[in-house]
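Predicted structure and sequence below. I'll ask about it afterward.
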Amino acid sequence: MDLDRLRARLPYQGLLLAVVALVTTAALALAARTTGPLIEAAEARDLQISLNQVLSIEYDNDLVRDSLDLPGPGGVPVTVYRARREGRVEAVVFKVSSPGYAGPIVCVLGVDRAGRVLGVRVVKHTETPGLGDKIEPAKDDWIHGFVNTALGHPPAAEWAVKKDGGRFDQFAGATITPRAVVKAVKGGLAFFGAEKTRLLDEETGS
């Protein structure tokens, strides 16, 4: 092997690699700048759809922009979106979660200013297909059973599935899934009750 010729080629290979890396980086940066706004718009649209699914009231503000972050259970931040009419907060929407059978079940919860549930939708779960399907409104009406409930209605002891002496139905072969959703909604209502003054802007007289 000609060592001199090999040494002469090494700098060229290094330079070529650097050029390829530079071109790749530039291409990725251009793609990010081009697709970033589109992705953000799509995410905002999906968020707006999720928020509207659990609101059954009229409002005149931009929910996505009218939000605040508060410490939730365990110190985990909770982003709360507020629905206003003529400046007055009429309802709030935020995510709640609880461990299910195969992982956390994440829901979007809508609550009116009186503390009543306007709607609940499960937005993320990894439950076993066929067993936990009833938490999805496209497959069952079970999730609608939370509408108009509140802390104290039903009484605290009835915030459980029927197998545990509560009010809410369980699913055949899948008690853990509905139990987790009930717990998540109850916890969300407790969060609303604890933070009601700030959530409704009553600290500033709004």
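Arrived safely, thanks for sending.

how far out from the middle of the chain is the longest strand along the chain?
The longest strand of the chain (DSSP state E) is strand 88-99. On the basis of Cα atoms, centre = their mean, to the nearest Å, strand 88-99 is displaced by 9 Å from the centre of the chain it belongs to.

contacts for it?
51, 54-55, 57, 59, 63, 78-84, 104-113, 118, 123, 180-181, 183-185, 187-188, 191-192, 199-201, 206 (Cβ atoms under 8 Å, 6 or more residues apart in numbering). Every residue, glycine included, has its C-beta placed from N, CA and C.

swap in stretch 160-167?
With Cβ under 8 Å, 6+ apart as the test, stretch 160-167 has contacts from 154, 157-159, 168-170, 175, 178-179, 182.

Just the buried subset of the contacts of strand 88-99, please.
Among the contacts of strand 88-99, those classed as buried by 16 or more other Cβ atoms under 10 Å are 51, 54-55, 59, 63, 78, 80-84, 105-113, 118, 180-181, 183-185, 187-188, 191-192, 199-201.

got a winner among the contacts of stretch 160-167 for most neighbours?
The most crowded member of those, judged by other Cβ atoms under 10 Å, is P178 (26 neighbours).

these two touch, right, it and V185?
No: with contacts counted by Cβ atoms under 8 Å, P178 stays clear of V185, the gap being 10.6 Å.

So L151 is in contact with F191, correct?
No: distance between L151 and F191: 10.5 Å, which falls outside the contact criterion (Cβ under 8 Å).

just to revisit the earlier point, spatially, which two of the contacts of stretch 160-167 are the most separated?
Farthest-apart pair in the contacts of stretch 160-167 is P154 and T175; separation 18.5 Å (Cβ to Cβ).

average pLDDT for stretch 47-66?
Taken as a whole, stretch 47-66 has an average pLDDT of 88.

which of the residues in that stretch are buried?
Across stretch 47-66, burial judged by 16+ other Cβ under 10 Å covers 47, 51, 53-55, 59, 61, 63, 66.

Could you export the residues you listed as TSV, including secondary structure?
Formatted as TSV, the buried residues of stretch 47-66 follow (DSSP: H, G, I helix; E, B strand; the rest coil):
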residue	secondary structure
L47	helix
L51	helix
Q53	helix
V54	coil
L55	coil
Y59	coil
N61	coil
L63	coil
D66	coil
